[in-house]
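Undergrad: the following block contains a protein sequence and its predicted model.
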Amino acid sequence: MDAGEARELLRAIPCASLSYQEWTNVGAALHKEGLPCSLWDEWSATDGARYHPGECERKWNTFGHYTGTEVSMGTIYHMAQERGWTPSLKTYGWDDWITSDGIDTSGWHKDDTVLQLPPPADNYSALKDVTDYLSALFDPEDKVCYVTTSMQDDDGKLKPYGGVYSRTCGELLDNLRKHPDSLTDTFGSYNPAAGAWICFNPVDGTGRNNRNITAHRYALVESDSQDLDTQYALLQDLRLPIRVLVHSGGKSLHAIVRIDAVDYKQYQERVDYLYTICRKHGLQVDTQDKNPSRLSRLPGFQRGEKRQYIVGRDMGCSDWVEWQHYIEDELVEPLTVVNLGEIWDRMPPLKPELIEGVLRLGHKMLLVSSSKAGKTFALIELAIAIAEGRRWM
């Protein structure tokens, strides 16, 4: 089962109506199915009275030793059916694209893309978004560089200026818990027209240059020359090992991709490979984002009339090695989709008949029967008929 099917089932189950054990069973079932923790966390957040950021992830890590009632996706199916859910059935027209959870399986064609980028949830929490982002990318002791101050360049664009790089992820999370009602209590004031930025790799606390990066874990994949729905479809079709996908509040999505390089040299090699694959398969990636010290958009903050928010977490392959194997084994050439309706009236010509109504030139025929039924004589007669141009049987 994919995440889209599971999300449909969960929508039919009000989280607030479940007991703690039932809630745990749902998480254990998703874990057993191999689905991401973010799916359980997203659904759990609909119960505002009992939801606590980080609780799902802590509980998730115990499911490998789960000793409660044996659960599976059947458990979630049963819960959903008890609450009136029925499977959705759809018929397709000749010109329709077959989709899963709204995803256009062609993926590579802008004009055909039907996948729409999900907006922020109705119960969107800026605190949860920024907390999830920090927890996903950094260890508690990592120093984090973020920028909430901006300046206007010669073209009138608001650019990041300055920055803070001496605070650890643990300190930021503690401060967010103490001041849950306002992000500015933790990050300082900012210009809502500009938004806020963050470096997705940890720093040493003395600056934000390539030499200040202490771990080359992630790379940024961004494209602002294609529409958002196309970017979203391509990023999913490529199965990039995306740790967090963020809506920039502008024209692009920011995919924070797992690189896990041992040093700057390997980081450069892997980013070059990553960008080459993206371009080859239709994603017009911005090549100015190659540096490990590059700034990305920090979710939870406003940017003009739009919000910077998390679109998805733990998407695609689980890590760089798995993704590289996938690319080399299955995506040697760009994926193509052929619509049968377009070629139905111009099929390849058939080979000439060797035996009318039975066998064509260059094809194979297998004659099967029980022992002593006459296979040998039938084939001898067939050979004579072909040699002399006579009718067989």
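TA: Arrived safely.
Undergrad: hey, where'd the helices end up in this protein?
TA: Using DSSP state H, the helices of the chain run over 3-11, 20-33, 37-44, 55-60, 73-82, 126-137, 169-178, 184-187, 228-237, 264-280, 320-330, 340-343, 375-388.
Undergrad: what bits of the stretch 251-393 of the chain have low per-residue confidence?
TA: 330-336 (pLDDT under 70).
Undergrad: again with the stretch 51-200 of the chain
TA: For the stretch 51-200 of the chain, counting by pLDDT under 70, the residues that fall below are 65-69, 88-115.
Undergrad: any idea how far Ile355 is from the spatially most central residue of the chain?
TA: Against the mean C-alpha coordinate of the chain, by Cα atoms, centre = their mean, the closest residue is Met315 at 3.3 Å. Here the criterion is Cβ to Cβ, to the nearest Å. By it, Met315 lies 54 Å from Ile355. C-beta: built from backbone N, CA, C; applies to glycine.
Undergrad: tell me if I'm right that Leu117 and Thr230 touch.
TA: No - using Cβ atoms under 8 Å, Leu117 makes no contact with Thr230, being 9.7 Å away.
Undergrad: who has more neighbours, those two?
TA: Thr230 (24 against 16; other Cβ atoms under 10 Å).
Undergrad: measure that one to Glu342 for me?
TA: For Thr230, the distance to Glu342 - Cβ to Cβ - is 21 Å.
Undergrad: next: Gln21.
TA: On the measure of Cβ to Cβ, Gln21 and Glu342 end up 53 Å apart.
Undergrad: show me what contacts Cys37?
TA: Applying Cβ atoms under 8 Å, 6 or more residues apart in numbering, we find Cys37 in contact with Gly27, Leu30, His31, Cys56, Glu57, Trp60, Asp314.
Undergrad: once you drop chain neighbours, what's closest to the last one?
TA: Right, the one you point to is Asp314. Spatial nearest neighbour of Asp314, chain neighbours left out: Pro36 (4.1 Å); criterion: Cβ to Cβ, 6 or more residues apart in numbering.
Undergrad: and what of the fourth one?
TA: Residue nearest to Cys56 in three dimensions, not counting chain neighbours: Asp41, with 4.1 Å by Cβ to Cβ, 6+ apart.
Undergrad: residues near that neighbour, how many?
TA: The burial count for Asp41: 21, using other Cβ under 10 Å.
Undergrad: surely it is in contact with Glu57?
TA: Yes - using Cβ under 8 Å, Asp41 is in contact with Glu57, at 7.0 Å.
Undergrad: contacting residues for Gly205?
TA: Lys143, Tyr165, Ser166.
Undergrad: before we move on, what about Ala29?
TA: Going by Cβ under 8 Å, 6+ apart, the list of residues near Ala29 reads Val71, Ser72, Met73, Thr75, Ile76.
Undergrad: for the stretch 101-250 of the chain, which segments count as strands?
TA: Secondary structure of the stretch 101-250 of the chain (DSSP state E, counting those that start in this stretch): strands located at 103-104, 143-147, 150-152, 158-160, 164-168, 197-199, 216-222, 242-247.
Undergrad: for Arg279, find the nearest of the ones you listed.
TA: strand 216-222 (10.8 Å; Cβ to Cβ).
Undergrad: angle of the closest one against helix 126-137?
TA: Angle, strand 216-222 to helix 126-137, by axes from the mean of the first three to the mean of the last three Cα atoms, to 10 degrees: 130 degrees.
Undergrad: begin at 15 from now on, thanks
TA: Done: numbering now begins at 15, and the last item shifts to strand 230-236.
Undergrad: mean confidence score for strand 230-236?
TA: Mean per-residue pLDDT for strand 230-236: 96.
Undergrad: against Met93, how distant is Ile273?
TA: 39 Å.
Undergrad: actually Val40, not the one I typed
TA: Counting by Cβ to Cβ, the gap from Val40 to Met93 is 7 Å.
Undergrad: neighbour count winner among these two?
TA: Val40 (24 against 20).
Undergrad: for this structure, longest strand please?
TA: strand 267-275 (DSSP state E).
Undergrad: and Gln166, what does it touch?
TA: Counting by Cβ under 8 Å, 6+ apart, Gln166 touches Leu172, Lys173.
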